[in-house]
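Novice: below is the sequence, then the predicted model.
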Amino acid sequence: MASRSGPQVVFEDSFPTMLERLGEEGFIRELCNGFRLLKDEKREVITFESLKRNSAMLGLQGMSDEELRCMVREGDLDGDGCLSEMEFCTLMFRLSPALMQVSKELLQEAIVKQLAS
């Protein structure tokens with residue numbers, strides 16, 4: 001969910017709760033469902049236009065065009081101006097501080113195990 005706090009949009013990080021409730025596979029399935037809701041049906045990616053058209057489904061109807069463009073730019077890893085399903089899921093993880101912390105801890109644990117063997 002999103003709410004406004006001055007000129008910034010503040011997101012409530014509900015992903016950890018969703019992950020706990022749905023499990024890993026269920027959570028990824030929900031992210032993919034979110035992508036399908038937001039994507040441009042013809043291009044099969046999220047564009048600025050498709051995000052603007054469908055943003056109310058995420059509670060983002062109050063966001064400016066520039067804020068929506070920034071979201072697309074933030075997640076656009078290959079520079080094509082839109083978000084693939086993988087870029088969208090990566091962006092959602094990056095927007096969740098709690099999930100990023102868990103990912104960091106798992107990576108550190110894997111590195112320690114690799115170095116120990």
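Specialist: Cool, the structure landed.

Novice: from here on, just use CA atoms for contacts and neighbour counts.
Specialist: Fine.

Novice: helices along this protein, start to end?
Specialist: Under the criterion DSSP state H, the chain contains helices at 15-38, 48-54, 65-75, 85-94, 97-116.

Novice: any chance of JSON lines for the ones you listed, columns mean pLDDT?
Specialist: Output for the helices of the chain, formatted as JSON lines (pLDDT from 0 to 100):
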{"stretch": "helix 15-38", "mean pLDDT": "87"}
{"stretch": "helix 48-54", "mean pLDDT": "93"}
{"stretch": "helix 65-75", "mean pLDDT": "92"}
{"stretch": "helix 85-94", "mean pLDDT": "89"}
{"stretch": "helix 97-116", "mean pLDDT": "80"}
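
Novice: columns mean neighbour count on top of these, output as CSV?
Specialist: Output for these, formatted as CSV (neighbours: other C-alpha atoms under 10 Å):
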stretch, mean neighbour count
helix 15-38, 15
helix 48-54, 19
helix 65-75, 16
helix 85-94, 18
helix 97-116, 12
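
Novice: where's the residue most central in space within the chain relative to residue 85, distance?
Specialist: Central residue of the chain (C-alpha atoms, centre = their mean): residue 92, 1.7 Å from the mean position. To residue 85, residue 92 is 11 Å away according to C-alpha to C-alpha, to the nearest Å.

Novice: ok, residue 45 next?
Specialist: Distance, residue 45 to residue 85, by C-alpha to C-alpha: 7 Å.
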